[in-house]
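J.: the sequence and its predicted three-dimensional model are supplied below.
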Amino acid sequence: MTSKVVSFSVNQVQRTLAVSAQASLLMVLRNDLELNSPKYGCGLGRMRCMHGTG
């Protein structure tokens, strides 16, 4: 499995991680950074709350 080093800012904190090239951002946030607020919806972008109308 190939890993990549990525750097990004989360909640105004700079993070640098080595993650699997196949890992989704959601999985990195939830599993590697232990941030449980991000949730997977239907994946289609059809939820009303995603468009700010819910």
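T.: Arrived safely, thanks for sending.

J.: make it CA atoms for all contacts and neighbour counts henceforth
T.: Will do.

J.: pretty sure residue 29 is in a helix, no?
T.: Yes: counting by DSSP: H, G, I helix; E, B strand; the rest coil, residue 29 is located in a helix.

J.: is it in contact with residue 35, as I believe?
T.: Yes: Residue 29 lies in contact with residue 35 (CA atoms under 8 Å); the separation is 5.6 Å.

J.: list the contacts for the nearest residue to residue 20 once chain neighbours are set aside?
T.: Nearest non-adjacent residue to residue 20, counting by CA to CA, 6 or more residues apart in numbering: residue 3, 4.2 Å away. Residues in contact with residue 3 (CA atoms under 8 Å, 6 or more residues apart in numbering) are 18-21.

J.: so residue 6, which of the three states?
T.: strand.

J.: same question for residue 37.
T.: Assignment for residue 37 (three-state DSSP): coil.

J.: state the distance from it to residue 31.
T.: Applying CA to CA, to the nearest Å, the value for residue 37 to residue 31 is 12 Å.

J.: in terms of neighbours, single out the busier of the two.
T.: residue 31 (11 against 8; other CA atoms under 10 Å).

J.: for the more buried one, give me the pLDDT.
T.: The model reports residue 31 with a pLDDT of 92.

J.: quick check, residue 7 in contact with residue 13.
T.: No: taking contacts as CA under 8 Å, residue 7 lies outside contact range of residue 13: 10.5 Å.

J.: which one's more surrounded, those two?
T.: Just comparing residue 7 and residue 13: by other CA under 10 Å the higher neighbour count belongs to residue 7, 11 against 7.

J.: quick one, what contacts the more buried one?
T.: By CA under 8 Å, 6+ apart, the residues touching residue 7 are 14-17.

J.: dump those residues to CSV, plus pLDDT and neighbour count.
T.: Shown next, in CSV, are the contacts of residue 7 (pLDDT from 0 to 100; neighbours: other CA atoms under 10 Å):
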residue, pLDDT, neighbour count
14, 96, 9
15, 94, 11
16, 96, 10
17, 94, 14
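
J.: farthest-apart pair in these, please.
T.: 14 and 17 (10.2 Å; CA to CA).
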